[in-house]
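In: predicted model and sequence below, questions to follow.
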Amino acid sequence: MIAGEFEYFAPKTLPEALRLLNERGNDCKLLAGGMTLVPIMTLGLAQPAAVISLNHLPGLDAVEDVGSALRLGAMMRHAAIAVHPLVLQHAPLLAAAARAIGDVQVRHRGTLGGSLAHAEPAADYLCATATLAARFQLQKEGRERWLDATEFFVDVMTTALEPDELLTAVEIPKQAAGSGHAHQSLRRVEGAFPIVLASAQIAPRYTAARIGLGGVGPRPVVLDVGDLVQGGVTPAALEGVGARAFDAAAQALSDLNGSGEYRRAMARVYARRALEEAAAALGAGGSR
Amino acid sequence: MKTLVNLKVNGRSRQLAVDTRAKLAEMLRDELRLTGTHIGCGTGSCGACTVLLDGRTVKSCCILAADVDGQEVTTIEGMSKPGELSPLQRCFVEHHGLQCGYCTPGMVLSAHQLLQDNPTPSEADIRHAIAGNLCRCTGYQNIVKAIRAASEQQ
């Protein structure tokens, strides 16, 4: 039993949810999958006066093809993202990130929006969505705005979401057919939270390449490495990408899972691995 | 503070006024006396509280009871008729897939989910499928054997 009393609301429509959020934004918590919120409330680390559940809102759990991008509802569960045909075809890196999260039961319940709004720096989705140049739809009563990853992720467990705002969708640009991707992470054991992450996305014929890093600072870091891989993923290119990742991880924080110095060293290793795996997948056309 | 919840548990419709602070696992155990659902860590790590929610495994210690209104829950008690064992449960017995039994309900439900999704899993698939269920005494070896035996019997 959670110790502290709280009011529970289960709005059935988005306008109703936004109205509640407008009224109670300052003392409420939004409940999505609850994979973090319910445990931290159980432990007494969060004691909201009200909980607004998003689990009974229709329409926030689908993927929409909007031309040059996919728009994913914020309440999509990880397990659904991992196997969705449109995601596997146009943004398989996101599916790979979804597959890497937690365990089977967590993937059945946890949501895209919940993880992103929680903004734990080493979460799989932060690294993957930043690498994919995702945009985030934030709604409140009477206003909608779209932010990119550099605007949305502000600091450790801090986003641009205002107390009365709800993350409703994430838009991911479609990746060209034949692109290569990889999502690599350092974890103590399967299901454990990542310590360091590296995502890679390479366009066909190496016309563009991006590496995303997670767990190496307060926010995800994205490196444009297109200039380094113009001639393919050569030993020199790997060396260069590793060095750039090492430099970019200078802000890495220390905790019980590893020192900042260790994370920085691992950023070099995982960036190189992700790049190699993505390069090997180039032209394969399908999902990995 | 109470919230009214309508749900189906092991095929039977139920209406309950639950404490808003109660988790699904607590409602199952304390209100419905379905004590086969165990609570280990209470924070989503051990998987002892695994149940099916609308046919998919979840950790019932991380879900508010109030939040499952309109849904269908299957617990370990719903896996077989009283006094009987399902073929999967029989395999756990025959292969010594349990010792103290604390993790067993969660293990059985995760194995059930796996065999629904993939009737012919490899050993790696089996280990991957029970990654969210911790066992601290049997050791995983016989649990994996039991699940493999169940897959071969299907």
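Out: Arrived safely, thanks for sending. Keep in mind it's a predicted model, so treat the numbers as computed, not measured.
In: surely A:Asn55 and B:Asp69 touch.
Out: No. Counting by C-beta atoms under 8 Å, A:Asn55 sits too far from B:Asp69 to count as a contact (9.2 Å). Where you see a C-beta, it was placed from the backbone N, CA and C, and this is true even at glycine.
In: what's the single longest helix in chain A?
Out: Scanning chain A for the longest helix, with DSSP state H as the assignment, gives helix A:260-281.
In: packing partners for that one?
Out: For helix A:260-281, the elements it packs on are strand A:180-186, strand A:196-202, strand A:209-214, helix A:235-248, judged by 3 or more C-beta pairs under 8 Å, 6 or more residues apart in numbering or on different chains; DSSP states H and E.
In: so, low pLDDT: which residues of chain A?
Out: A:284-288 (pLDDT under 70).
In: in it, which residue sits closest to chain B?
Out: At 2.8 Å from chain B, A:Asp103 is the closest residue in chain A, using C-beta to the nearest C-beta.
In: ok, that residue - contacts?
Out: A:Asp103 makes contacts with A:Glu190, A:Gly191, B:Gly47, B:Ala131, B:Gly132, B:Asn133, as judged by C-beta atoms under 8 Å, 6 or more residues apart in numbering or on different chains.
In: which among those residues end up buried?
Out: Neighbour counting with 16 or more other C-beta atoms under 10 Å in any protein chain shown marks A:Gly191, B:Gly47, B:Ala131, B:Gly132, B:Asn133 as buried within the contacts of A:Asp103.
In: out of those, which is nearest to A:Ala267?
Out: Nearest to A:Ala267 among the buried ones among the contacts of A:Asp103: A:Gly191, at 22.2 Å, using C-beta to C-beta.
In: hang on, the closest one in a strand?
Out: No. Counting by DSSP: H, G, I helix; E, B strand; the rest coil, A:Gly191 is not part of a strand but coil.
In: ok, now which ones touch the closest residue to A:Val156 other than its chain neighbours?
Out: Excluding the flanking residues, the one nearest A:Val156 by C-beta to C-beta, 6 or more residues apart in numbering or on different chains is A:Pro218, at 4.5 Å. A:Pro218 sits next to A:Pro121, A:Asp155, A:Val156, A:Gln251, A:Leu253 when contact means C-beta under 8 Å, 6+ apart.
In: if we use 7 Å, what do you get?
Out: Neighbouring residues of A:Pro218 by C-beta atoms under 7 Å, 6 or more residues apart in numbering or on different chains: A:Pro121, A:Asp155, A:Val156, A:Gln251.
In: try A:Arg268
Out: A:Gly242, A:Ala245, A:Phe246.
In: by neighbour count, which of those wins?
Out: Within the contacts of A:Arg268, most neighbours by other C-beta atoms under 10 Å in any protein chain shown means A:Ala245, with 27 neighbours.
In: nearest residue to the one residue in chain B that gets nearest to chain A in space, please, no chain neighbours.
Out: Chain B approaches chain A most closely through B:Gly132 (2.8 Å), counting by C-beta to the nearest C-beta. Spatially, and ignoring its direct neighbours in sequence, B:Gly132 is nearest to A:Asp103 (2.8 Å; C-beta to C-beta, 6+ apart).
In: that neighbour and B:Ser110, how far apart?
Out: Distance from A:Asp103 to B:Ser110, counting by C-beta to C-beta, to the nearest Å: 9 Å.
In: between these two, what contacts are shared?
Out: Common neighbours of A:Asp103 and B:Ser110 (C-beta under 7 Å, 6+ apart) are B:Gly132.
In: which parts of chain B sit against chain A?
Out: Proximity of chain B to chain A, by C-beta under 7 Å from any C-beta of the partner chain, involves residues B:1, B:3, B:19-23, B:26, B:42-44, B:47, B:50, B:56-59, B:62-64, B:66-67, B:69, B:110, B:113, B:129, B:131-132.
In: mind putting the contacts of A:Asp103 into CSV with distance to A:Leu116?
Out: CSV is the format used below for the contacts of A:Asp103 (distance: C-beta to C-beta, whole Å):
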residue, distance to A:Leu116
A:Glu190, 23
A:Gly191, 20
B:Gly47, 25
B:Ala131, 23
B:Gly132, 22
B:Asn133, 27
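In: that older thread, show me which of the residues of chain B next to chain A are buried.
Out: B:3, B:19-23, B:26, B:42, B:44, B:47, B:50, B:56-59, B:62-64, B:66-67, B:69, B:110, B:113, B:129, B:131-132.
In: what does the stretch 101-250 of chain A have sitting close to chain B?
Out: Proximity of the stretch 101-250 of chain A to chain B is confined to A:Asp103, A:Val104, A:Gln105, A:Val106, A:His108, A:Arg109, A:Glu190, A:Gly191 under the rule C-beta under 7 Å from any C-beta.
In: which of those residues sit farthest apart?
Out: A:Arg109 and A:Glu190 (17.8 Å).
In: what strand or helix carries the residue nearest the centre of chain A?
Out: Geometric centre of chain A, nearest residue: A:Tyr125, 1.6 Å, by C-alpha atoms, centre = their mean. Using DSSP states H and E, A:Tyr125 sits in helix A:124-131.
In: I'd like to check the angle between that helix and strand A:209-214, please.
Out: With axes from the mean of the first three to the mean of the last three C-alpha atoms, to 10 degrees applied, the angle from helix A:124-131 to strand A:209-214 works out at 150 degrees.
In: got the contact list for helix A:124-131?
Out: By C-beta under 7 Å, 6+ apart, the list of residues contacting helix A:124-131 reads A:93-94, A:97, A:100-101, A:112, A:115-116, A:119, A:149, A:153, A:170, A:183, A:185, A:194, A:197, A:199, A:201, A:210, A:212-214, A:220, A:222.
In: again, only using 8 Å
Out: Taking C-beta under 8 Å, 6+ apart as the rule, helix A:124-131 contacts A:93-94, A:96-98, A:100-101, A:112, A:115-116, A:119-120, A:149, A:153, A:170, A:172, A:183, A:185, A:194, A:197-201, A:210-215, A:219-222.
In: same check, this time on stretch B:93-110
Out: Stretch B:93-110 has contacts (C-beta under 8 Å, 6+ apart) with A:104-105, B:36-38, B:40, B:46-52, B:57, B:74-76, B:79, B:85, B:88-89, B:91-92, B:129-130, B:132-138, B:142-143, B:145-147, B:149.
In: and the end-to-end length of it?
Out: 16 Å (C-alpha to C-alpha, to the nearest Å).
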